[in-house]
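from the sequence below, what's the structure:
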Amino acid sequence: MRAARRRRPAAPAVLLAAALLAGCSGPGGAEGGEPALGRVEVAPATASLSFPMDAYTDTEAVRIRMGRVQQALVSRCMARYGFTYEGPAAVVPASDSASASAEGAPEDRHRYLFGLAGPDHAAAHGYDKSAGRGAPPKPPAPQLSDSKCAVMNDAQRGARDGQAPDAASEEEAAHVDSGVTAAGRKVPPGGCGREAFRKLYAPGKDSVDLLFAFGLVSEAHERSERDSRVVAVLAAWSTCMEKSGYGGIRTPYDVVEEAGLADDKGGPRAVTAARADVACKSEVNLVGVRAAVEKAYQERLVEEHAETLALYGRQREARFRLAASVA
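The predicted model follows:
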């Protein structure tokens, strides 16, 4: 396989972008045809990308914070039964995105949404996403005594006919008997681990599933991949990659496997491939087109699920208020 990179003139990319701006409908879109596009940015930086569903999904910094809050709720529950529990130490990646967030700059939450897109990372690290992040290995969960296990997770000890008592929400948990007693009081169904989750993510019967927003994001992404405009820009990117010596690769997600880079994602061969990949993305404006199309599908889904998302948004704000009172 040739690693040499050949650049094509910019004209085809400009023509392609102009055609995509027309927002033509085709048979490959979601229900209602392919949505019209708003402005298609030219080779935007991933840190500048924003989508409608960003308002309902958490950044890495927020996820880390909520994980700590959940651990604190577990510790509070365990303390009711006379146990001290700190949980595993939190893993905080020392990534550039996390640092940027700490400094008030926007977090690059969509950095790899359409595959590798950063020329600097490509040139320095190829496809090695862990390079420069400095994330320590995940610490093991603390070993619990039998009595602590009974309070933390009563799945085995509280099982009846093979089914452990549980509850979908904290509201329902008040009426469920776990069958386990410790320190003279009933252990919550599912144990303290489940109670902490319910308090944070499912306090009431009307609580929207935590994965609802994630599901809509995934659905929009899947719909966009069938969109004729995305199919066209992927074909253009694939052609560019073939001219750069990487033939037969259909999407940016397939480069590492198809180019045989899985065992050395940060080596010289990976760097060469990554630079070609990113250059081709820029040449055909893959990130700009894909972002515009994905945004259009997210807007459609936000409109379709407006009522549930409004409820989810209110519950998410309540969750943040609880987190502030716990932390």
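
shaky segments in the stretch 1-150 of the chain?
Across the stretch 1-150 of the chain, the ranges flagged by pLDDT under 70 are 1-31, 89-106, 132-142.

those helices in it, which residues are they?
Taking DSSP state H, counting those that start in this stretch as the test, the helices found in the stretch 1-150 of the chain are 11-21, 60-80, 96-102, 119-125, 146-152.

roughly how far does the closest residue to D108 other than its chain neighbours sit from R111?
Using C-beta to C-beta, 6 or more residues apart in numbering and skipping residues adjacent in sequence, the residue nearest D108 is A47, 4.2 Å away. In short, each C-beta sits where N, CA and C put it, glycine included. Going from A47 to R111 by C-beta to C-beta, to the nearest Å gives 7 Å.

hmm, L113 is touching T46, no?
Yes: in this structure, L113 is within contact of T46 by C-beta atoms under 8 Å, at 7.0 Å.

what secondary structure does the residue lying closest to F114 once chain neighbours are set aside sit in?
Using C-beta to C-beta, 6+ apart and skipping the chain neighbours, the partner closest in space to F114 is R290 (4.9 Å). At R290 the chain is in helix, as set by DSSP: H, G, I helix; E, B strand; the rest coil.

so who does R290 touch?
If you count contacts by C-beta atoms under 8 Å, 6 or more residues apart in numbering, R290 has them with 113-114, 224, 230, 233.

show me which of those residues is closest to E258.
Among the contacts of R290, F114 lies closest to E258 (C-beta to C-beta), at 16.7 Å.

and that closest one, how many residues sit next to it?
F114 sits with 26 neighbouring residues when counted by other C-beta atoms under 10 Å.

now swap in Y201 and tell me
When neighbours are defined as other C-beta under 10 Å, Y201 has 19 of them.

who's in contact with it?
Contacts here follow C-beta under 8 Å, 6+ apart; on that basis Y201 touches 207, 210, 319.

could you rerun that using 6 Å?
Contacts for Y201 (C-beta atoms under 6 Å, 6 or more residues apart in numbering) come out as L210.

can you check T84 too?
For T84, no residue counts as a contact, taking C-beta under 6 Å, 6+ apart as the criterion.

quick one, phi/psi of it?
Per-residue torsions, T84: phi -100, psi 130 (degrees, to the nearest 10).

let me see the ranges of the strands in the stretch 51-200 of the chain.
181-182, 185-186 (DSSP state E, counting those that start in this stretch).

mind listing what the first one pairs with, with the direction of each?
For strand 181-182, the pairing partners within the sheet under DSSP bridges are strand 185-186 (antiparallel).

got the contact list for the partner strand?
Contacts for strand 185-186 (C-beta under 6 Å, 6+ apart): none.

could you redo the last one with a cut-off of 7 Å?
Applying C-beta atoms under 7 Å, 6 or more residues apart in numbering, the set of residues contacting strand 185-186 from outside is 177-178.

and it, how far from the chain's centre?
Chain-centre distance of strand 185-186: 38 Å, with C-alpha atoms, centre = their mean, to the nearest Å.

what about it, average pLDDT?
Confidence over strand 185-186 (mean pLDDT, whole number) is 92.

numbering from 91 from now on, please.
With the count now opening at 91, the last piece we talked about shows up as strand 275-276.

from R199, how far out is A414?
22 Å.

let me redo that: E312
Relative to R199, E312 is positioned 19 Å away (C-beta to C-beta).

which of those two has more neighbours?
R199 (21 against 11).

excluding its backbone neighbours, what's nearest the more buried one?
T149 (5.4 Å).

can you get me a residue count around the one you found?
If you count neighbours by other C-beta under 10 Å, T149 ends up with 16.

ok, it touching R201?
No: applying C-beta atoms under 7 Å as the test, T149 and R201 come out as separate, 11.6 Å apart.

quick one: common contacting residues for those two?
Joint contacts of T149 and R201 (C-beta under 7 Å, 6+ apart) do not exist.

roughly how far apart are the residue sitting nearest the centre point of the chain and A349?
The residue lying closest to the centre of the chain (C-alpha atoms, centre = their mean) is F304, at 7.5 Å. Separation of F304 from A349 (C-beta to C-beta): 30 Å.

what do you get for A369?
With C-beta to C-beta as the criterion, A369 and A349 are 15 Å apart.

more crowded one of the two?
Neighbour totals were compared for A369 and A349, and A349 leads with 23 against 18 (other C-beta under 10 Å).

what is the neighbour count of the closest residue to C282 other than its chain neighbours?
Counting by C-beta to C-beta, 6+ apart, C282 lies nearest to C167, which is 3.6 Å off, once chain neighbours are set aside. C167 is flanked by 22 other residues according to other C-beta under 10 Å.

just Y171 next, same as before
Y171: 19 neighbours (other C-beta under 10 Å).

just the CA atoms from the helix or strand hosting K371 would do, formatted as CSV, please.
According to DSSP states H and E, K371 maps onto helix 358-374. The C-alpha trace of helix 358-374 is given here as CSV (Å, rounded to 0.1, in the frame of the first residue of the first chain):
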residue,chain,number,x,y,z
PRO,A,358,4.7,6.4,11.5
ARG,A,359,2.3,4.5,9.2
ALA,A,360,-0.7,5.6,11.3
VAL,A,361,0.5,9.2,11.2
THR,A,362,0.8,9.1,7.4
ALA,A,363,-2.6,7.6,7.0
ALA,A,364,-4.2,10.0,9.5
ARG,A,365,-2.7,13.1,7.8
ALA,A,366,-4.1,11.8,4.5
ASP,A,367,-7.5,11.1,6.2
VAL,A,368,-7.7,14.6,7.7
ALA,A,369,-6.5,16.3,4.5
CYS,A,370,-9.2,14.5,2.5
LYS,A,371,-11.9,15.5,5.0
SER,A,372,-10.9,19.1,4.6
GLU,A,373,-10.7,18.8,0.8
VAL,A,374,-14.3,17.5,0.4
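
many thanks, I have nothing further to ask.
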